[in-house]
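Enquirer: Sequence below, structure please.
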Amino acid sequence: MPKPPAWIPFTGPVAAGVTAGLAAPHLGFWPLVIAATLMGLVPVIGYQLWKRAHHER
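Expert: Model prediction:
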């Protein structure tokens, strides 16, 4: 299986910024902060899951 790209975890801030920009007109401050934080962590979690799923023993 291919290795996950090393740049995937660094897309977290971009995902958080896009989420905040799209959700800002619809949410209040704290829900927006929570949504952006969660979406910022998605690429990091995905990277770790990819590594775990394709880890060769």
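Enquirer: Now do Pro4: how many residues are near it, please.
Expert: 16 (other C-beta atoms under 10 Å). Bear in mind the C-beta positions are built from the backbone N, C-alpha and C, glycine included.
Enquirer: same deal with Val33?
Expert: The number of residues packed near Val33 is 13, by other C-beta under 10 Å.
Enquirer: With Gln48 as the reference, measure out to the nearest residue to Lys3 once chain neighbours are set aside.
Expert: Once flanking residues are discounted, Lys3 sits nearest to His54: 7.8 Å by C-beta to C-beta, 6 or more residues apart in numbering. Per C-beta to C-beta, to the nearest Å, His54 is found 11 Å from Gln48.
Enquirer: Show the backbone phi and psi for Trp7.
Expert: With angles defined as degrees, to the nearest 10, Trp7 sits at phi -90, psi -10.
Enquirer: low pLDDT regions in the protein?
Expert: By pLDDT under 70, the low-scoring segments of the chain are 1, 56-57.
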